[in-house]
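J.: Predicted structure and sequence below. I'll ask about it afterward.
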Amino acid sequence: MAQALSPWEHNVGEAAVALPSGVKSRGGADNSERLPLVYKFARIPEKTDAAWKATPLQGGKVSYGSSSSSILPKLNYGKFTHVDFTYFRAFLDVPAGFKASKAEVTIGNVDDQSRMLLFNSNHIDGFHIPANDGKRGGAAVTADYTKELVPGEINTFVIIQV
């Protein structure tokens, strides 16, 4: 009677998202700072969306980047006025009465940035651990969701990739 993690799936989401006038996806003097405000423009596809597909794995890890490229028009490169989201998910079935000892997710090498959310009956809008976003050129980040799991239901992990 142990927890069971489903295989990871991905969904390329909607088309390129135009940010509102005056909002940019990057900041700083040289535009190298990835801005977390972009996540409020993400629209996680519904659970039943037919576009969810199995995600390639290498050594048990999601390996997606080499098989995809940005859909942003080249015309918009360097302007930081549009974003392209890809979503990843996995379901963790935690049996009633089971006490998890560790539920960690690590986000490694990303381009440009990514955020992990956990959804369950305690977190219907998703639970995010601040300061655990993955960033291009940044170190891998590991987030511990053990205390946020809800036994007796399927907990859903979603990664929003920008």
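T.: Everything's here; your move.

J.: give the contact list for residue 4.
T.: For residue 4, the contacting residues are 92-93, by C-beta atoms under 8 Å, 6 or more residues apart in numbering. C-beta coordinates here come from the backbone N, C-alpha and C atoms, glycine included.

J.: List the beta-bridge partners for it.
T.: Beta bridges link residue 4 to residue 93, judged by DSSP bridges.

J.: Number the chain from 51, please
T.: With the count now opening at 51, the last piece we talked about shows up as residue 54.

J.: Look up how far residue 209 lies from it.
T.: For residue 54, the distance to residue 209 equals 19 Å [C-beta to C-beta, to the nearest Å].

J.: do the same with residue 175
T.: Counting by C-beta to C-beta, the gap from residue 175 to residue 209 is 16 Å.

J.: okay, those two: which has more neighbours?
T.: Neighbour count, other C-beta atoms under 10 Å: between residue 175 and residue 209, residue 209 has more, with 21 against 7.

J.: Now the more buried one. Nearest residue, chain neighbours left out?
T.: Closest residue to residue 209 apart from its sequence neighbours, by C-beta to C-beta, 6 or more residues apart in numbering: residue 138 at 4.1 Å.
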